[in-house]
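Engineer: Following is a predicted model, sequence given first.
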Amino acid sequence: MAIELGARDPANAYRLLRVAQRYRPGGSVINKMLWSYWRFLLADCLRDAGSFTLPTLLYLFRTGLTSFATRIAGYIGFSSSGRSTPYDIECVARGLENSDPQLAYGLIRLMALEEATPGYLSELQSRLHLRLSGHVLTARSDGTTERLNGIICGLIFARAMQLPFSFSWATNVGAIHNALCSVTNDLPNFIHPKLVENHYIPYSEMQQYRIAGMDHLACEAASGIRLRAPVTLSQRDQILKEHLNIVPPTRLLSGPDQPFGAQLLRDLENVIPLVLDPAYLALFAEMRGRFRRALGVHYRGGDVIYGQSRHGVLALGDKSAPLPVVESLIQRSDESTVVIFGTAVGDTLTEMNYLRDRYSNVVLASDFWREGFDEVIQDSMMMAACRHLVAAGRTGVAHLAKMLNPELSFQPFIGVFTTAEYYQICMDNLDNPDYSSLQRSYINIQALAVCNDNNVPASVRERLISNVSRLDPKNMQRWRSTVLNST
């Protein structure tokens, strides 16, 4: 029964084995399993090291280790005094140095926080610190372009700060699988083979840098600090001493409408060919010839309107434009070619086809996709090839386009339109019969998003929220408090 429980409930498996040990105190298999589960529980406790104190750890040792420490000594190569003291912790840390350096470092660090680290542990701590720190690491678990942006920024940071760089890709935990936003576990073909050979590590290896009690960054598998820009070598050493590693951002700018500095331009020029596969670079050069006079419009759609993201605060942001704003932009433009970008599946593809059929100067980016090449990366390259791009300001695909072409002229939708114009376009299309129910729901949400800038009374806000409830009854409206609290 303990074996069956082990994978899903190690705490109760451990308790059962403690009972079994009373009846078979010399059982080597039981002792080995006890150590395995006790070690798991210890690591689990150390993940919350901010509230985990040395006395609590010593209690865990008293109840879980000393009763069989001498019998399991052979399994991990340490001997115990039989007392529940910091010496027991030091013995375990020494025994775990090679098999589990994360846990060993976490134990030493906890002792240091309690001022209980013996002087003879400093050498072990230095060895573990050297092994687990001093890297630029990225292993994001979100969308394709944000992962690639992190890799590009990571290589720039590593070169600037003279540090080793490693990246990983999705795992079964981190991979995204749904019709509107899909990222597989397979390493994509757009990454340069040499970069993979020199800098890729499996996710399991990346997780070795997740240290108990140290900063754990969102979307990453490693402990470290996220910097907004490279730092000097003297600053670097102090940062690594405090935070172990550096995790790059996915943005070199706060928005793709900003100009790059001279140094970043040189960095990008040098790094992009090291990151992207040569076949993609050749395709990009071809696209720059084809779309150099076109206006690119990143409508996006997808999960923000039709998926899980519509329930939360992302629906209030600028991740996607509402369809009537895109139509108003097309009507205002005198460009001979307008390229529409979006999540080309389901309802969003239907809307993109609607735009192409209604306006003679509109083409869809998806019509130019080349088989065998990643579609999202092709979209970013096409955006970068356009003369001018109008897009949501905070999407990874727009930031990647700007890095691929630093000279790209860019405007967010609220920039082409004032907030008053944006609000009025939404209000004029709340019940447009050409649009789906979820599109109309999103139009109401986007009107709510700019209410503050337009001094909209509370009664109108309530009516817009009521419209969302009617058009999208399943919408959880996690954004509701944000809207109401801003009145």
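Structural biologist: Received the coordinates, thanks.
Engineer: what about Leu124, is that helix, strand or coil?
Structural biologist: Secondary structure, DSSP: H, G, I helix; E, B strand; the rest coil: Leu124 is helix.
Engineer: So for stretch 191-199, what gets flagged as buried?
Structural biologist: Neighbour-count burial for stretch 191-199, counted by 16 or more other C-beta atoms under 10 Å, picks out 191-192, 195, 199. Backbone N, C-alpha and C define where each C-beta goes, glycine included.
Engineer: ignore the last one, stretch 480-487
Structural biologist: So, applying 16+ other C-beta under 10 Å, buried residues of stretch 480-487: 480, 483.
Engineer: The buried residues of stretch 191-199 into CSV, with extra columns for secondary structure and pLDDT?
Structural biologist: Below are those laid out as CSV (DSSP: H, G, I helix; E, B strand; the rest coil; pLDDT from 0 to 100):
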residue, secondary structure, pLDDT
Ile191, strand, 97
His192, coil, 97
Leu195, helix, 97
His199, helix, 96
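Engineer: if we take those, which one ends up nearest to Gln477?
Structural biologist: Minimum distance to Gln477 across the buried residues of stretch 191-199 is 39.2 Å, recorded for Ile191 (C-beta to C-beta).
Engineer: ok, now which ones touch the closest residue to Leu155 other than its chain neighbours?
Structural biologist: In this structure, Leu155 finds its nearest non-sequential neighbour in Val271, 5.1 Å apart by C-beta to C-beta, 6 or more residues apart in numbering. Going by C-beta atoms under 8 Å, 6 or more residues apart in numbering, Val271 touches 152, 155-156, 159.
Engineer: From Phe291, how far off is Val271?
Structural biologist: Val271 sits 23 Å away from Phe291, going by C-beta to C-beta, to the nearest Å.
Engineer: Ok, Val376 next?
Structural biologist: As judged by C-beta to C-beta, Val376 and Phe291 stand 17 Å apart.
Engineer: secondary structure element for the residue nearest to Leu155?
Structural biologist: Taking DSSP states H and E as the criterion, Val271 maps to helix 262-275.
Engineer: residues near Arg127, how many?
Structural biologist: Look at Arg127: counted by other C-beta atoms under 10 Å, it has 14 neighbours.
Engineer: pLDDT score for it?
Structural biologist: Arg127 carries a pLDDT value of 78.
Engineer: Not counting sequence-adjacent ones, nearest residue to it?
Structural biologist: Glu97 (7.3 Å).
Engineer: how many neighbours does that neighbour have?
Structural biologist: The burial count for Glu97: 17, using other C-beta under 10 Å.
Engineer: try Thr232
Structural biologist: 9.
Engineer: Enumerate every residue touching the residue nearest to Ala315 when sequence neighbours are not counted.
Structural biologist: Of all residues not flanking Ala315 in the chain, Ile445 sits nearest, at 4.9 Å (C-beta to C-beta, 6+ apart). The contact partners of Ile445, by C-beta under 8 Å, 6+ apart, come to 310, 315-316, 464, 468, 479.
Engineer: Now tabulate these in a markdown table and tack on pLDDT and neighbour count.
Structural biologist: Shown next, in a markdown table, are the contacts of Ile445 (pLDDT from 0 to 100; neighbours: other C-beta atoms under 10 Å):
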| residue | pLDDT | neighbour count |
| --- | --- | --- |
| Arg310 | 94 | 24 |
| Ala315 | 93 | 24 |
| Leu316 | 92 | 18 |
| Leu464 | 96 | 22 |
| Val468 | 97 | 23 |
| Trp479 | 94 | 22 |
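Engineer: ok, which pair from these is furthest apart?
Structural biologist: The farthest-apart pair in these, when distances are taken by C-beta to C-beta, is Arg310 and Leu464, at 14.6 Å.
Engineer: shaky segments in this protein?
Structural biologist: Scanning the chain for pLDDT under 70 picks out 1-92, 95-96, 99, 109-121, 171-182, 212-216, 218-219, 486-487.
Engineer: What residue spans form the domains of it?
Structural biologist: Per automatic domain parsing, the structural domains of the chain span 2-127, 136-247, 276-471.
Engineer: rewinding a little: the helix or strand just after the helix holding Val271 - contacts with which helices or strands?
Structural biologist: The first helix or strand that comes after helix 262-275 along the chain, using DSSP H and E, is helix 278-290. Counting contacts by 3 or more C-beta pairs under 8 Å, 6 or more residues apart in numbering; DSSP states H and E, helix 278-290 is packed against helix 375-385.
Engineer: buried residues in the helix it packs on?
Structural biologist: The neighbour-count check on helix 375-385 (16+ other C-beta under 10 Å) flags 376-385 as buried.
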